[in-house]
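S.K.: Need coordinates for the following:
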Amino acid sequence: MPDHFYRFRPTSALLDGYHELENQEIYFPTLNELNDPLEGFKDVVWRGDRIVWRNLFRHYLLCLTRTVSLVAFLGKEFTPKNAGNLVYETDIDLPVAPIREIYGRACNAFFNHEAADPLLNNLSETRKAVRRDELTYYLRLIHFSILTTVVEFFEDNGLKLMKSTSGMAELSAEVMATVPEILRLHSLADDDAKVLFFITENITQQLALIHELNNPVPEDRRSWLFIAHDFPTYYVTALERLLYPEWHAACFVTDPTNAAMWGHYGDGHQGMCLKFRGKPNNTGGAGLDLYKATSWGGNNHVGYSYVAHPFEPIRYTSEFPEIDFFESLGRLPKPKLKNFWYAGQNGELSDVATTLFSDEAKWREEYWRKFFSIYRTKLPQWSYENEHRIILSSSLENLESKEVRKLKYRFEDLAGIVFGLKTSTESKIAAMRIIERKCVESRRTDFEFWQAHYSHRTRQIELARLGLIKIDPGVVAATT
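M.R.: Numbering: from 1, shown residues only. This next block holds a predicted model:
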């Protein structure tokens, strides 16, 4: 394991923009702020018995019903973010209000439909692995039927949501009538069906774009477009929130001379690279102590302390870990698993529950092993980075706030700063003054400054130690 780890940063983050150097902070971005669109990708598969599949459709009905009610209440103020946490709900979360009755009636209407049994049988009897495109395809097949039923039940309770549902009802009836034959054809196609699911979803997205291009949607109808077209895709994506806790990554490298890294993460060589000491740990690796929430007391008091965070090496491969959805619902409490997701109509438990609860320690070990694999996996195209990362994941704090995701490190663990080929003199002086003050306060004399430069001898970027610059009793002086 290397002794030092390097972190590229633009001067705007280190100095006058976010003052990371002054505050001794490491910022942990969201996955959307990272430049790899497959960051955190999970190869999720849905595989299970009739009980869990039936409950998945019940859950889809519940989330759709709740989303329709939100759109009816918020109107054009609705955004998909308003429905973000609905995925965590089950039937016990529904208020004692008409919506509980509407949901119950919608479930009865769907499961009594002649297409429901063939669909459940097809999914549960083969125990095949269903992936995103296929699940989205099945949800689109039944979506308009469910939506029509939900809207009509809302109207029965005095809430008029659409001028007429007749067109949608006719469309849903036609589609639902084709479900048994579609399932039969897909079973014959076998592996080729996977291609069909992808093509179908791709065509669906294209048609939606063409429709909106030719028929711009008024703002007051955009929320209904989300429900009518986007909801199945949104729901399948949202289901992943039930699997693993939210996490954020701060990225480090072991080679501070990579020109591409300076270009991508060092503000086009105008930034700086922080050099951190790796603290050896008992696993043979190294880590960095960061100040974070570690305990929760009375009166909402949160206790903080320095905690060792390991530098995790990235595994570069095109093989992403396969996650079985029904066996990985780690973010839900046991009552919701036993009383909803794993519960049969007559109180029996799914086979999934038997497997999970019979050896919970073994299940947890495998659950966390896959979690570690998720945030440590990137495609081979990124291997030139030779990245190590520190992961932030907390059950004590809401990590949505950027301020919460700024963790302090000890100044003693910052060994030095490397200036880029194009770092301005003003930025260098500003960084040196900050370091000077901190060294005086902590009585340090071992801080290092380095300059990146192009070597004509080796034809690559190298580092030159700025050995004449020494911090000595409060003065940054050039000595000879």
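S.K.: All the strands of the stretch 151-300 of the chain, residue numbers only.
M.R.: 248-253, 272-277, 279-280, 286-296 (DSSP state E, counting those that start in this stretch).
S.K.: so for stretch 181-188, what's the average pLDDT?
M.R.: Stretch 181-188 shows a mean pLDDT of 67.
S.K.: pretty sure Arg100 is touching Glu89, no?
M.R.: No. If you go by C-beta atoms under 8 Å, Arg100 and Glu89 don't touch, sitting 11.9 Å apart. Every residue, glycine included, has its C-beta placed from N, CA and C.
S.K.: in the chain, which helix or strand is least confident?
M.R.: strand 475-478 (a mean of 47; mean pLDDT, DSSP states H and E).
S.K.: which stretch among the strands of the stretch 151-300 of the chain comes nearest His229?
M.R.: strand 248-253 (31.3 Å; C-beta to C-beta).
S.K.: name the helices or strands packed onto that closest one?
M.R.: Packing partners of strand 248-253 (3 or more C-beta pairs under 8 Å, 6 or more residues apart in numbering; DSSP states H and E): strand 4-9, strand 387-392.
S.K.: And the contacts of that strand?
M.R.: 5-8, 26-31, 34, 39, 261, 265, 276, 311, 375, 385-393, 399, 405 (C-beta atoms under 8 Å, 6 or more residues apart in numbering).
S.K.: Any quick ChimeraX command for the buried ones out of those?
M.R.: Buried subset of the contacts of strand 248-253, written as a ChimeraX selection, criterion 16 or more other C-beta atoms under 10 Å:
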select :5,6,7,8,26,27,28,30,31,39,261,265,276,311,375,385,386,387,388,389,390,391,392,399,405
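S.K.: just to revisit the earlier point, kindly reformat the helices and strands packed on strand 248-253 as JSON lines containing distance to His113.
M.R.: As requested, the helices and strands packed on strand 248-253 are exported to JSON lines (distance: least, C-beta to C-beta, whole Å):
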{"stretch": "strand 4-9", "distance to His113": "56"}
{"stretch": "strand 387-392", "distance to His113": "45"}
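S.K.: could you dump those strands to a markdown table with mean pLDDT and distance to Gly104?
M.R.: Listed next are those as a markdown table, based on pLDDT from 0 to 100; distance: least, C-beta to C-beta, whole Å:
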| stretch | mean pLDDT | distance to Gly104 |
| --- | --- | --- |
| strand 4-9 | 98 | 54 |
| strand 387-392 | 96 | 41 |
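S.K.: circling back to that earlier point, turn the strands of the stretch 151-300 of the chain into CSV, columns for mean pLDDT and distance to Met432.
M.R.: Compiled in CSV, the strands of the stretch 151-300 of the chain are given as follows (pLDDT from 0 to 100; distance: least, C-beta to C-beta, whole Å):
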stretch, mean pLDDT, distance to Met432
strand 248-253, 96, 23
strand 272-277, 98, 11
strand 279-280, 94, 26
strand 286-296, 92, 23
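S.K.: re the thing from before, looking at the helices and strands packed on strand 248-253, which is nearest to Lys292?
M.R.: Per C-beta to C-beta, nearest to Lys292 of those: strand 387-392, 7.6 Å.
S.K.: Wait, Ile182 touches Ile142, no?
M.R.: No. Contact between Ile182 and Ile142 fails when scored by C-beta under 8 Å: they sit 11.3 Å apart.
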